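K.L.:
got a predicted structure here, sequence first:
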Amino acid sequence: MTARYRLRCVGGGEVVPDTTALSCPNGHDSLLRTEYRTRSLRLAPCTGIFRYLCWLPVNSPLLPSGGAVTYRSTGLARELGLSRLYISFSGYWPEQGAVLATGSFKELEALATMQRLAESGGKIPVIASAGNTGGPLPGSRRSTTGPVVIVVPETAGLPALDGSARPRSLRCGR
């Protein structure tokens with residue numbers, strides 16, 4: 001893993017050597033704060049979430065990747081009496097360039113997580129999900145050629161997690 005960031009325990013102030021840690025190894029009941037080497041954001045020549053590659057815990061992008069689409073609203077802005085209103089849409093609306101295949105913003109986290117796992121030795125993720133949390137994982141894991149285990153309650157709609165379901169196109173007015 002690149003040294004583009006480090007983790008610091010908010011409670012004790014110490015740097016946590018393991019950048020995959022979820023808690024302070026010294027036992028502080030505290031959050032870990034990410035400190036980036038580069039303080040200003042530099043957008044990468046990628047699409048989707050990997051435009052922010054310099055602030056993601058991966059070395060290279062997992063492509064193709066989707067992302068939010070932001071556009072200037074005219075109709076809703078007029079209804080609200082606003083001269084400038086921008087709407088950010090995370091989902092599946094291919095006519096506008098929004099191509100999150102699962103229709104969920106959770107796909108953004110899945111892409112970065114699966115790429116990080118691939119770069120750190122190909123560990124097999126085990127995810128508990130009652131529906132759309134696990135939905136993005138099979139498709140993004142196929143891109144990194146590794147398995148993923150998703151534990152789903154029987155009543156949670158298992159067929160929606162197999163990657164075959166695609167949301168229908170949304171018709172949203174600007």
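P.N.:
Nice, I can see it.

K.L.:
only C-alpha atoms for contact and neighbour calcs from this point on.
P.N.:
Will do.

K.L.:
now stretch 89-101, how far from the centre of its chain.
P.N.:
15 Å (CA atoms, centre = their mean, to the nearest Å).

K.L.:
so for that stretch, what's the average pLDDT?
P.N.:
Average pLDDT, stretch 89-101: 84.

K.L.:
next helix or strand past the lowest-mean-pLDDT helix or strand in the chain?
P.N.:
Least confident helix or strand, the chain: helix 137-143 with a mean of 61, by mean pLDDT, DSSP states H and E. Per DSSP states H and E, the first helix or strand lying C-terminal to helix 137-143 is strand 149-151.

K.L.:
partners of the strand or helix carrying residue 33, with directions?
P.N.:
Per DSSP H and E: residue 33 is located in strand 32-36. Its sheet considered, strand 32-36 pairs with strand 5-9 (antiparallel) by DSSP bridges.

K.L.:
helix or strand right after the partner strand?
P.N.:
strand 15-16.

K.L.:
which residues touch that next one?
P.N.:
Strand 15-16 is contacted by residues 6-9, 24-25 when judged by CA atoms under 8 Å, 6 or more residues apart in numbering.

K.L.:
the chain: helices as residue ranges?
P.N.:
Using DSSP state H, the helices of the chain run over 75-80, 106-119, 137-143.

K.L.:
residue 95 is nearest to which of these?
P.N.:
For residue 95, the closest of those is helix 75-80, at 18.0 Å, according to CA to CA.

K.L.:
what is the closest one packed up against?
P.N.:
Here helix 75-80 touches no other helix or strand, going by 3 or more CA pairs under 8 Å, 6 or more residues apart in numbering; DSSP states H and E.

K.L.:
same question for that helix, mean pLDDT?
P.N.:
For helix 75-80, the per-residue pLDDT averages 95.
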